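**Q** Kindly generate the corresponding structure for this input.
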Amino acid sequence: MILEINRDNPQPRLVARVADTLRGGGIIAYPTDTTYGIGCSIFSKKGIERIYLLKQREKKKPFSFICADISEVARYAKVSNYAFKILKRYLPGPYTFVLDASSVVPDLLVTRQKTVGIRIPDNPICLAIVRGLGHPIITTSANRSGDEPIGDPFQVEREMGKQLDFVIDGGMLSADVSSVVSLIGDVPAVLRKGIGDVSWCE
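**A** Below is the predicted model of the structure:
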């Protein structure tokens, strides 16, 4: 089901409707500052399992998640002074930062190395949803594993709509992905080059 939300001023009534769906274990497609993502509450095991099936993704690859702000990041990850300065400088933005996980993070989202990937996209819609829900949501590109990311919400609806509770129309986006940077040990390491500039890591 397509649900149009205003990018500049997300309507509180619609945001609340989406948040209620997520609390009930629902999964959605939503806009970010790169491409469309698929998500659910990080505390919904049912929702996470549904996304693994939809993506046809291996269980050994945990999902990253979106926080509303840096203070929320500090609840779910261990943020050193160095990492804080990096996060403050580059977020919100098209980056996924890998940090050591805190004990609050569900086991399904923690890597074998006890790390997590965290995003704060520069997109008012997805950040409003996270704030409305009160905790982070899963982020993974709206495509099946191995396929190109999808920047058209109506294409997402055509290909995946029957398996999603909502496809949130936030306009046409690119098919770009975020840059992934590890900040483990206070040493930046580029794990994936995406739309975010990573020249500062060199």
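**Q** Could you use CA atoms for every contact and neighbour count after this?
**A** Fine.
**Q** how about the residue nearest to Met1 when sequence neighbours are not counted, phi and psi?
**A** Take Met1 and drop its neighbours on the chain: the residue closest to it by CA to CA, 6 or more residues apart in numbering is Phe166, 5.0 Å away. Main-chain dihedrals, Phe166, degrees, to the nearest 10: phi -140, psi 140.
**Q** Over to Asp69?
**A** Backbone geometry at Asp69, expressed as degrees, to the nearest 10, gives phi -160, psi 180.
**Q** Count residues in the vicinity of it, would you?
**A** The tally of other residues near Asp69 (other CA atoms under 10 Å) stands at 19.
**Q** That one and Ile118: what is the separation?
**A** Using CA to CA, to the nearest Å, Asp69 is found at 11 Å from Ile118.
**Q** got it, and Lys59?
**A** Between Lys59 and Ile118 the computed distance is 18 Å (CA to CA).
**Q** Mind checking which of these two has more residues around it?
**A** Neighbours around Lys59 and Ile118, counted as other CA under 10 Å, are more numerous at Ile118. The numbers are 24 against 12.
**Q** Just say helix, strand or coil for that one.
**A** strand (DSSP: H, G, I helix; E, B strand; the rest coil).
**Q** From Phe97, how far out is it?
**A** 5 Å.
**Q** Buried residues, the host helix or strand of Val156. List them.
**A** Using DSSP states H and E, Val156 sits in helix 153-160. Using 16 or more other CA atoms under 10 Å as the test for burial, helix 153-160 gives 153-154, 156-157, 160.
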